[in-house]
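> Generate a structure from the sequence data that follows.
(2 chains)
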Amino acid sequence: MTEATNVEAVRRWLAERGAVWTERWGPPPQGIYALRDMHPPSHAEDACRQGLPLVYIAAVDRNGLYYIFGDVAWTPQLEKICKAVTFVVETKPLREGLNAIVKFVAKTRHLPWVSFRPEVLRLAGICDEVRIECEPREAWKKMVEAAKSKIKNKTEAAGGGRTVPEAEEAGGGSPEGPGQVGAKTANRLVYVGGVGDGGGKSLDHVGGASGQILHAEMRRDRGDGGSGGGARGGLDPAAVAAVLKAVERCLGREAVERLTACLYV
Amino acid sequence: MYVHAPRRVCAEDCEASCVAVGQSLNTRGVMVCEPDIDPSILIHRDPRAWEELLGWRCVEAFLERAREVGVRDLPGLVDYSFSAPSTMWILLAGVEFVGSYASCWEDYVRRRRVGMGARTPFPRVEVGAELDVDIRISPAYLLLPFDDVKRSWQRNAPTLVKYIPEIPTALDPHFYISKFFPPQLRALSARGYVWVANTKSRGRRNAPLAEWLYWLNTRRMPHIDIMLGKFEPRSPIDMIVAKDCGGASAGCRQNKRRLKCLHSAGV
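Numbers count the residues shown, from 1 in each chain, chains lettered A, B, ... in the order given. You can find the predicted model right below:
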């Protein structure tokens, strides 16, 4: 955080939040840097020569451990050319305090969650809110691969004149056996793929360890006889609802609104 | 908090290590804990083992810190630790450790150091099998943030890193590693953990692989189960462990304990 205006922004935000904080002109204390890949000190030199301060937020917990938020890891070589301001913020309780700071920094610096250390995200409870962001990239890759193949299958099925649910029931894309069809409708998240199995193996998602959402599968009672019908462009409304529900759970309400707007406008 | 009437062990003017019996705080107000086990219990999903080997003083000290992140009770603490092992060094930063395992815990919490090798004293048996696998890291290494020790994983567990290049040490590592662990290796557990531990890869025994398999299958660390007499054999060959290595503790001083186990096993 190198812009002078940020100092005022941080002050204002802390005041609005009613946080307990102190502002110190000087480098940050020793602690855990919350960002994963920080800029090298050389990147800060231009800003420092212009007289702009490096801004740090140091969240301190009850044991005196500091969680440092800043763009550049402070080094002694910066002392000669840079001035720094550190906002030391008390975080009580730790989870809520860190959560607010992480969100503030992510928002003001336009940083994706992946820029933060996973440990800090976890302690801040971010992984509980947007779990998918904390998952390993390998899981993401598999999700993308599986989603691609799923879309391909669905496109092929739709091209053959069948609706998606019909295609799923007939095409064997579902990992379920026929005996598992139960309630009138049951939305279910299914993980498809896996290393070493060529992506053809389907594993049920277990234990709430979510995020591996590839498709929300809609099962219907075989007795209802409905064809489902596509609401828009062949999409089944129940399937859309299930996808939106999954998106809301993983990415938040805002993502649902954006997706809905995209689908229906 | 867990503070009772103090009965001083040391003189009034003693230094920071002074501990009052029956207290979970020392004279500086720092939480004190005397564990009977190494930090790998943090990935051992068995609250009863925590009670037994850490004791309530440690559990209270840990809970005191974990309440800050929404943990309420011991099962919640065990779950949190199991699902986010690499955050535990941060959470336990305020705890002071005493006793024979203190150095292991201090190494982990203060210096972020954890031994890489297997903890479990699997007895030596000639099985005459060689595996094409290179995993020399124990699951206990999940206690360290992956970003900080990525190179160690790449060098010492290339087989694992090949299948899961970014090990999520802060988010359900067991879940993801179970998903991505090579099924052909996972299947080896049917032959017995002792068998796996005694297979060779480039001249080394595969004890770490046996630990991974046990941990993936049970969510518990084998050496802790052995200490508590809860080891779950998967084949007749594993009975050697249950019979002869029970009670052998494990931790930072692995070599000493391994010898003890081997001696008692008579193999």
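> pLDDT weak spots in the stretch 1-150 of chain A?
Residues of the stretch 1-150 of chain A meeting the criterion pLDDT under 70: A:1-5.
> Output the set of residues of it in proximity to chain B.
A:32, A:36, A:61-65, A:92-95, A:117-119, A:121-123, A:125, A:127, A:131, A:134-139 (CB under 8 Å from any CB of the partner chain). All C-beta atoms are positioned from the backbone trio N, CA, C, and that covers glycine.
> As a check, name the ranges of all helices in the stretch 101-250 of chain B.
Here the stretch 101-250 of chain B has its helices, by DSSP state H, counting those that start in this stretch, at B:102-111, B:150-156, B:158-163, B:173-180, B:183-186, B:193-198, B:207-218, B:222-227, B:239-240.
> check whether the second one contacts chain A.
This means helix B:150-156. No - between helix B:150-156 and chain A, judged by CB under 8 Å from any CB, nothing touches; the nearest distance is 11.5 Å.
> what packs against that helix?
For helix B:150-156, the packing partners by 3 or more CB pairs under 8 Å, 6 or more residues apart in numbering or on different chains; DSSP states H and E come out as helix B:158-163.
> List the buried residues of the helix it packs on.
Judged by neighbour count using 16 or more other CB atoms under 10 Å in any protein chain shown, the buried positions of helix B:158-163 are B:159, B:160, B:161, B:163.
> remind me which residues of the stretch 101-250 of chain B are low pLDDT?
Residue ranges of the stretch 101-250 of chain B with pLDDT under 70: B:242-250.
> Within range of chain A, give me the residues from it.
So the stretch 101-250 of chain B meets chain A at B:145-147, B:163-172, B:175-176, B:179-180, B:182-184 (CB under 8 Å from any CB).
> Name all residues that make contact with the residue most central in space within chain B.
For chain B, the residue nearest the mean C-alpha position is residue B:40 (1.6 Å; CA atoms, centre = their mean). The neighbours of residue B:40, taking CB atoms under 8 Å, 6 or more residues apart in numbering or on different chains as the test, are B:114, B:119, B:138, B:139, B:140, B:143, B:221, B:223, B:224.
> Reformat the residues you listed as CSV; add neighbour count and distance to residue B:213.
Listed next are those as CSV, based on neighbours: other CB atoms under 10 Å in any protein chain shown; distance: CB to CB, whole Å:
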residue, neighbour count, distance to residue B:213
B:114, 23, 20
B:119, 25, 14
B:138, 28, 12
B:139, 24, 10
B:140, 27, 14
B:143, 24, 19
B:221, 28, 12
B:223, 32, 14
B:224, 26, 15
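> Which strand or helix spans residue A:142?
helix A:137-159 (DSSP states H and E).
> and that helix, which residues are buried?
Of all the residues in helix A:137-159, those buried under the rule 16+ other CB under 10 Å are A:138, A:139, A:140, A:142, A:143, A:146, A:149, A:150, A:153, A:154, A:157, A:158.
> quick one: which of those is nearest chain B?
Closest to chain B out of those is residue A:138 (5.3 Å), distances taken as CB to the nearest CB.
> Let me know whether that closest one touches residue B:161 as I believe.
No - if you go by CB atoms under 8 Å, residue A:138 and residue B:161 don't touch, sitting 10.2 Å apart.
> I'd like to know which of the helices of the stretch 101-250 of chain B lies nearest to residue A:100.
For those, proximity to residue A:100 was assessed by CB to CB; helix B:102-111 is nearest, at 26.1 Å.
> residues in contact with the closest one?
B:33-35, B:38-39, B:89, B:92-93, B:95, B:97, B:113-114, B:143, B:251-252.
> now do stretch A:30-41
Stretch A:30-41 is contacted from outside by A:58, A:65-73, A:75, A:77-78, A:102, A:105, A:111, A:114-117, A:119-120, B:90, B:147, using CB under 8 Å, 6+ apart.
> just to revisit the earlier point, show me which of the buried residues of helix B:158-163 is closest to residue A:15.
The closest of the buried residues of helix B:158-163 to residue A:15 turns out to be residue B:161 (CB to CB; 46.5 Å).
> Please give me every residue in contact with the closest one.
By CB under 8 Å, 6+ apart, the residues touching residue B:161 are B:153, B:154, B:167.
> Now a PyMOL select for only the buried ones of the residues you listed.
Those of these that count as buried under 16+ other CB under 10 Å are selected in PyMOL with:
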select buried, chain B and resi 153+167
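> now, among the contacts of residue B:161, which is nearest to residue B:54?
Nearest to residue B:54 out of those is residue B:167 (CB to CB; 25.4 Å).
> so the closest one sits right up against residue B:142, yeah?
Yes - with contacts counted by CB under 8 Å, residue B:167 reaches residue B:142, the gap being 7.2 Å.
> Overlap of the contact sets of these two?
By CB under 8 Å, 6+ apart, the residues touching both residue B:167 and residue B:142 are residue B:173.
> what number of residues lie near residue B:72?
Residue B:72: 10 surrounding residues under other CB atoms under 10 Å in any protein chain shown.
> host element of it?
Following DSSP H and E, there is no helix or strand that holds residue B:72.
> separation between it and chain A?
Distance, residue B:72 to chain A, using CB to the nearest CB, to the nearest Å: 12 Å.
> Helix, strand or coil: sort out residue A:62 for me.
Secondary structure, DSSP: H, G, I helix; E, B strand; the rest coil: residue A:62 is coil.
> which residues does the closest residue to it other than its chain neighbours contact?
Nearest residue to residue A:62, sequence neighbours excluded (CB to CB, 6 or more residues apart in numbering or on different chains): residue A:92, at 6.6 Å. Taking CB under 8 Å, 6+ apart, we find residue A:92 in contact with A:20, A:62, B:68.
> Now do the contacts for the nearest residue to residue B:98 once chain neighbours are set aside.
Using CB to CB, 6+ apart and skipping the chain neighbours, the partner closest in space to residue B:98 is residue B:34 (4.9 Å). With contacts defined as CB under 8 Å, 6+ apart, the neighbours of residue B:34 are B:55, B:57, B:58, B:97, B:98, B:99, B:102.
> I appreciate the help and will end here.
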